[in-house]
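Enquirer: Mind looking at a prediction? Sequence and model below.
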Amino acid sequence: MATTTPTKTKKMAMHEALNQALREEMLRDPQVLVLGEEVGLYNGVHYVTRGLYSEFGPERVMDTPISEESFVGVGVGMALMGYRPVVEMMRMDFSLRAMDQIYNHMAKIHYMSGGDLKVPMVLRGPEGPGPNPGLTAQHGQQLTLLFAHCPGLRVVTPSNQYDAKGMLKAAIRCDDPVVFLEPGPLNNKQGDVGEDDYLVPLDQAEIRREGTDVTLIGYGASVALCLQAARELERSGVSAAVVDMRSLRPLDMAPAYASVERTNRAVVVEYAWQSYGPGAEIVARLMRDAFWNLEAPVLRVSGKETPLPYAANLEELSKPQVEEIVSAAQQTLK
Amino acid sequence: MATTTPTKTKKMAMHEALNQALREEMLRDPQVLVLGEEVGLYNGVHYVTRGLYSEFGPERVMDTPISEESFVGVGVGMALMGYRPVVEMMRMDFSLRAMDQIYNHMAKIHYMSGGDLKVPMVLRGPEGPGPNPGLTAQHGQQLTLLFAHCPGLRVVTPSNQYDAKGMLKAAIRCDDPVVFLEPGPLNNKQGDVGEDDYLVPLDQAEIRREGTDVTLIGYGASVALCLQAARELERSGVSAAVVDMRSLRPLDMAPAYASVERTNRAVVVEYAWQSYGPGAEIVARLMRDAFWNLEAPVLRVSGKETPLPYAANLEELSKPQVEEIVSAAQQTLK
Amino acid sequence: MSTSSEPVISDRVAESPEKLRTLLRRMMTIREFEHLGEREFRNGLIRGYYHSYAGQEAVGVGFIEAMDLTRDYIVDHYRDHGHCLAVGLDAVNIYAELFGRRAGVSKGKGGSMHMYNQEKHFLGGDGIVGGGISVATGVGLALKRMGKGGLCVCFFGDGALDTGTFHESLNMASLWDVPIVYICINNQFSMGTRLDRHSSLTQLVDRAAGYGMATEQIDGQDIGVTLAAAERIFAGVRERQRPVFIEALTYRYQGHGIHDKPHNYRTPEEEDPWIHRDPLLILGQRLIEEKIMTGEQIEAMRQEVAAELEAKVEAAKQSPAPEDRELYEDVTL
Amino acid sequence: MSTSSEPVISDRVAESPEKLRTLLRRMMTIREFEHLGEREFRNGLIRGYYHSYAGQEAVGVGFIEAMDLTRDYIVDHYRDHGHCLAVGLDAVNIYAELFGRRAGVSKGKGGSMHMYNQEKHFLGGDGIVGGGISVATGVGLALKRMGKGGLCVCFFGDGALDTGTFHESLNMASLWDVPIVYICINNQFSMGTRLDRHSSLTQLVDRAAGYGMATEQIDGQDIGVTLAAAERIFAGVRERQRPVFIEALTYRYQGHGIHDKPHNYRTPEEEDPWIHRDPLLILGQRLIEEKIMTGEQIEAMRQEVAAELEAKVEAAKQSPAPEDRELYEDVTL
Ligand SMILES: Cc1ncc(C[n+]2csc(CCOP(=O)(O)OP(=O)(O)O)c2C)c(N)n1
Ligand SMILES: Cc1ncc(C[n+]2csc(CCOP(=O)(O)OP(=O)(O)O)c2C)c(N)n1
Ligand SMILES: [Mg+2]
Ligand SMILES: [Mg+2]
């Protein structure tokens, strides 16, 4: 997949970057269409589909009933016929309703048909505790793991506005089914986005910050926490590298390995629940392939293992904290 | 939870052991009931509910329509009212249809209600490639991980007939919602089962074989592979310990840590797909808490990362192989 | 009990003046509760979601009044504040939940959509559209097994009819003769989507036709109607041990949630006829007509209710936040 | 097109003698195919699942004959061998799939329930009950957008009506005017569960009443009826661009799958009337009555078909297993 570096950039919210990606791809390819709850007339609960209904009309921007299992299936069916549906989950939590379609159809038809059929679709939506606080237990989960474990899917998550646009465009053009996880906490956050038609590859991790003492590894919303922690560590003289995994399936470990070769230490950071969270796989790969470079155990800083509580203090506590990252990093240096 | 050691044992298939557990608990406690597809009149596709319908009648052994999401919900509702429903998934694959009920209701109501409500139910069924070969991509998955990641659930899986009975009985008596995963490959396999009313704790891993050179760690059906590999390793002079995790949530790492303290080496074995599989968490815990005892990276032997293919040779290949375990163990000893 | 889709013209319930006054006060309490709650949301005391029950009071108050809460149970959807008040939970505890405080109905852990109370037989509050329908079916089945004549009342919106679990659950309830009353609160919208854009049939009783279950469409604005219908229907369910599906026609005054601006997708003109059939107005006029209360007395009652609720808001504010360690309580780690 | 639940007495189709002979041969091929397949299962060549189509031939052959496979598409359930034959896939490739060989319809990777063929517009085979219903709805919607008059035919069993996705999909198909024909093959059983023990209404057209969609119950045993109904219904769907729901009444001769012993839950007596209305028998008798074929000619045809299929079995056996590396093909790693 070719990456082009855009010449001009503009500050915008992540939802605007995603909106640009959708709009550009819909203009480029008439097979691209969008469906989901409130994506059309309502303009999208998290603004990602804003303006598309009035520009492209109800045949390409389809409001669905609250039927997650089946409108994912509708997406699969349209994809089998050569369309490129982008199916929105209002929140990824609701994809629990669609797990059968995702695991057993979207992900597997290509394989089960011996390669005869393709399912070029994108399933996307926000996950995790944000953009607003107070989402509570059934609306603010980060279920990344459920997708990442499933062969046949690609699972990606951007950590910034620039990637959000380029990766969503790449996902739409990809012939595999792609689960595109939008970090809820970043939805309304501003950042630089290229104005041209550029793609960001779906299978390449990226070093966000060089460092020599410890490698902080994150994906999606946790990359920002890693960068913050790295700045704090710098003050106490610790040089932390930050790796943004970007894709969880396939998982590109090369940049992490390269960084750990220098730092010999790593901390994996994620909003997901720790036990069996995606970070465990990153640790297990480091164990296998970077063991001899490690001078301390790789630690994890994660979301706390409870349903997301409502009370403000408990909700805040339940998230991975920058201080926890800092202290984990320091612990690897002891 | 008290464990009693039975005085007499008898050889029987795992499905018979499970059947005994159900029957004993139904006799003991009138609040215990069973529901699922073909569990009654048909006597259960995998024989686990055999005879219960004629003994306990249709009010306590309920045949359901093909409505997985909603009959799990029915189980949740009955549990809220003080019943102890045991909900069967004909195959755990079909629980993908019920993921919302499992994640958002069964697992969370206790927490979301601030502890006011309890959901004492068991969700059980066979998973993985067996008992028969040829289950194919939508029927032979091992989706352990999807449950293990969810706070609020207990997730257990027996590796032998004896535990199958004692753990299912303990699961039924437990006030937490329990996902009880029956290793498909073991369903028809024979082994010793206690004839009395005994319980096996839901949160304790167990050393199945002592060894001094390498620790093989498995759960459910993979424990048998570990034991086989251990016997083969013995022939080449390698002494392998085998740890049976038994419970994945909570995860009892103590026996594994103790064993690795002696062996300094470990291989984690599972039928699940490797990437983001439960084994990754076990590796990540060893990384954190046993790092300084390790003299080689902990390796994993897992199911291959593709949908389960049909052709006999491909299906066989897709499973974790004893030779792969042996060679991974030997690699840790290099 | 009608199984047709024709709206049934139920008799207005003939209740004592005292009862009618109580019902008015209860509906007023809900209306005022939501006003103050929305104010406190804007003040920053409430976070996340806020779904107001304003406009729908006659449905919840009518049906819940007819329940026998010594043996009947409720399973609710996320728009649950009004129902919490109707079962008799103290507004202090409901506000405290909305403020995320220890005194909250769910100890501050649940939030707006997740109120539960075993004692009042109120089994949630649920944030997943349709998520409670199968749970309620299980509760109804348990009540049947328990044999004390209890029934389950399950509330949900028109949008919930589009979820597969609605269909699965009604089939099972009918197969198994579950004593349950499914109450679809048809407030004409699923979030910003008008009924005819999400439902292939807009007479929702017709969408429940496929289960061999009695169905009935009722006016959800007149509490005389909802209460009379509820009493008659509950008696039938207890006697026949069969499920029933009710479509209560009503209207959501506010946006879907507090951030939603409904005039993006509907006009003030279409709201008008509903506002003219406001449930508080209808009962108020009846009380005036029947000379039970004067307009001034009604206004005085409203002010009294509002003042009481202000005190409840203040009391709720006094409750401390949960302690940090409570994060890890009520879950096996 | 009827929207009522009354069985419609469709005209028997008046076809050329040649056509009728072809239809008989096709149904015979399916029947014999399944006999040989079950034999090979018992011989150990086929593993896992085997769901026989025997008894239901007039449904699949009738409806598929009426399709225009240059533009129409099929989405099927797991009982798919018969439909694969009806769309014109070679029995060699179907057997090869059942044997897990490279020449298989899905290169040996899918198995009995997972046959797919883009060229024949056959989009699966699906092991999840009801799993294809929404996929088919998407296919139908795509066909509508493509504007070439194509329609989608979606087959599933009576058990699939209990899955929520059935309900969700029909609602969307009706809302969006999707040109799709949902064909419920009501063979009276969902595995070992008789219709009245899994479905609250046993006239399945009635369970599809809630979507404002035309529904029709037809006799699924007489191919004259199924073919005529199919032609009429497809023409209507193309013209009106509206979905239709069909309930085809038929019977599953064998157990649910090859290991199932149906006499554990049903009697030979109740099978009798169905076996007397065997689809091959009905068409055979018609051919004899109309003097198109004699009984001997029919038997000769059966033997010829059987011999041909024996050769196909042998040919399929010649196909090698997939190479080991194919495990990792057709999936992004
Ligand atoms: C499974 C699921 N999908 C989507 C949502 C988001 N959502 C919350 S409420 C709602 C609309 C529901 O409308 P209705 O059922 O009519 O209830 P009302 O809000 O009108 O009371 C939607 C789409 C959700 N909570 N759960
Ligand atoms: C979601 C799901 N649940 C359960 C099963 C197991 N199962 C396979 S077929 C079947 C019965 C289906 O009956 P029906 O839909 O009438 O089709 P028929 O077998 O009669 O053709 C069941 C329960 C499954 N495959 N998928
Ligand atoms: Mg509504
Ligand atoms: Mg059937």
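Expert: Thanks, I have it. Ligands and ions are numbered 1, 2, ... in the order given.

Enquirer: what's in contact with stretch C:301-312?
Expert: C:21, C:24-25, C:28-29, C:32-33, C:36, C:90-92, C:95, C:293 (Cβ atoms under 8 Å, 6 or more residues apart in numbering or on different chains). Just so you know, the C-beta spots here come from the backbone N, C-alpha and C atoms, and that holds for glycine as well.

Enquirer: please redo it, this time with the cut-off set to 6 Å
Expert: Applying Cβ atoms under 6 Å, 6 or more residues apart in numbering or on different chains, the external contacts of stretch C:301-312 come out as C:Met28, C:Thr29, C:Glu32, C:Phe33, C:Leu36, C:Ala91, C:Val92, C:Tyr95.

Enquirer: Surely A:Arg288 and B:Pro297 touch.
Expert: Yes. A:Arg288 lies in contact with B:Pro297 (Cβ atoms under 6 Å); the separation is 5.2 Å.

Enquirer: Settle it for me: which of the two has more neighbours?
Expert: B:Pro297 (22 against 14; other Cβ atoms under 10 Å in any protein chain shown).

Enquirer: From ligand 1, how far off is the residue found closest to that one once you drop the neighbours it is linked to in the chain?
Expert: Distances taken as Cβ to Cβ, 6 or more residues apart in numbering or on different chains put A:Phe291 closest to B:Pro297, at 3.6 Å, once the chain neighbours are dropped. To ligand 1, A:Phe291 is 43 Å away according to Cβ to the nearest ligand atom, to the nearest Å.

Enquirer: how near is A:Phe291 to B:Thr212?
Expert: 21 Å (Cβ to Cβ, to the nearest Å).

Enquirer: do C:Glu32 as well
Expert: With Cβ to Cβ as the criterion, C:Glu32 and B:Thr212 are 74 Å apart.

Enquirer: Neighbour count: those two, which is higher?
Expert: C:Glu32 (21 against 13).

Enquirer: if I pick the more buried one, what's in contact with it?
Expert: C:Val305, C:Ala306, C:Leu309.

Enquirer: got a list of what residue 20 touches?
Expert: All of this refers to chain A. Neighbouring residues of A:Gln20 by Cβ under 6 Å, 6+ apart: A:Lys165.

Enquirer: oops, I was thinking of chain C
Expert: Contact analysis of C:Leu20 by Cβ under 6 Å, 6+ apart lists C:Leu287.

Enquirer: before we move on, the earlier item: please list which of the contacts of stretch C:301-312 also come close to ligand 1.
Expert: For ligand 1, no contacts are drawn from those by Cβ under 6 Å from any ligand atom.

Enquirer: helix/strand/coil for the residue lying closest to C:Ile218 once chain neighbours are set aside?
Expert: When the adjacent residues along the chain are set aside, C:Ile218 lies closest to C:Ala229, with 4.9 Å between them (Cβ to Cβ, 6+ apart). Under DSSP: H, G, I helix; E, B strand; the rest coil, C:Ala229 falls in the helix class.

Enquirer: so how far is chain D from C:Ala229?
Expert: Distance, C:Ala229 to chain D, using Cβ to the nearest Cβ, to the nearest Å: 22 Å.

Enquirer: for A:Gly57, same thing?
Expert: 12 Å.

Enquirer: tell me, how many neighbours does that residue end up with?
Expert: Neighbour count for A:Gly57, taken as other Cβ under 10 Å: 11.

Enquirer: List buried members of the contacts of stretch C:301-312 by neighbour count.
Expert: Buried residues within the contacts of stretch C:301-312, defined by neighbour count using 16 or more other Cβ atoms under 10 Å in any protein chain shown: C:Met28, C:Thr29, C:Glu32, C:Phe33, C:Leu36, C:Ala91, C:Val92, C:Tyr95.

Enquirer: With secondary structure and pLDDT as extra columns, can I get those residues in JSON lines?
Expert: Below are the buried ones among the contacts of stretch C:301-312 laid out as JSON lines (DSSP: H, G, I helix; E, B strand; the rest coil; pLDDT from 0 to 100):
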{"residue": "C:Met28", "secondary structure": "helix", "pLDDT": "98"}
{"residue": "C:Thr29", "secondary structure": "helix", "pLDDT": "98"}
{"residue": "C:Glu32", "secondary structure": "helix", "pLDDT": "98"}
{"residue": "C:Phe33", "secondary structure": "helix", "pLDDT": "98"}
{"residue": "C:Leu36", "secondary structure": "helix", "pLDDT": "98"}
{"residue": "C:Ala91", "secondary structure": "helix", "pLDDT": "98"}
{"residue": "C:Val92", "secondary structure": "helix", "pLDDT": "98"}
{"residue": "C:Tyr95", "secondary structure": "helix", "pLDDT": "98"}
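
Enquirer: what number of residues lie near A:Arg23?
Expert: Neighbour tally, A:Arg23, other Cβ under 10 Å: 17.

Enquirer: May I ask which helix or strand encompasses it?
Expert: For A:Arg23, the host element (DSSP states H and E) is helix A:14-28.

Enquirer: Mind listing what's buried along that helix?
Expert: Buried residues in helix A:14-28 (16+ other Cβ under 10 Å): A:14-26.

Enquirer: likewise stretch A:204-224?
Expert: A:204-206, A:208-209, A:211, A:213-224.

Enquirer: got the contact list for it?
Expert: A:128, A:157, A:159, A:183, A:185-186, A:226, A:230, A:238-246, A:252, A:255-256, A:259-260, A:262-263, A:265-271, A:282, A:329, A:332.

Enquirer: Restricted to buried residues, select those in PyMOL.
Expert: In PyMOL, a selection of the buried entries from the contacts of stretch A:204-224 looks like this (16+ other Cβ under 10 Å):
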select buried, chain A and resi 128+157+159+183+185+186+226+230+238+240+241+242+243+244+245+246+252+255+256+259+260+262+263+265+266+267+268+269+270+271+282+329+332
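
Enquirer: Mind checking which of the contacts of stretch A:204-224 land in strands?
Expert: When strands are assigned by DSSP state E, the members of the contacts of stretch A:204-224 inside them are A:Pro183, A:Ala240, A:Ala241, A:Val242, A:Val243, A:Asp244, A:Ala266, A:Val267, A:Val268, A:Val269, A:Glu270, A:Tyr271.

Enquirer: got the contact list for the third one?
Expert: So the one you mean is A:Ala241. A:Arg209, A:Glu210, A:Gly211, A:Thr215, A:Ser259, A:Thr263.

Enquirer: if you set the cut-off to 8 Å instead, what comes out?
Expert: Contacts of A:Ala241 (Cβ under 8 Å, 6+ apart): A:Ile207, A:Arg209, A:Glu210, A:Gly211, A:Thr212, A:Val214, A:Thr215, A:Leu216, A:Ala230, A:Ser259, A:Arg262, A:Thr263.
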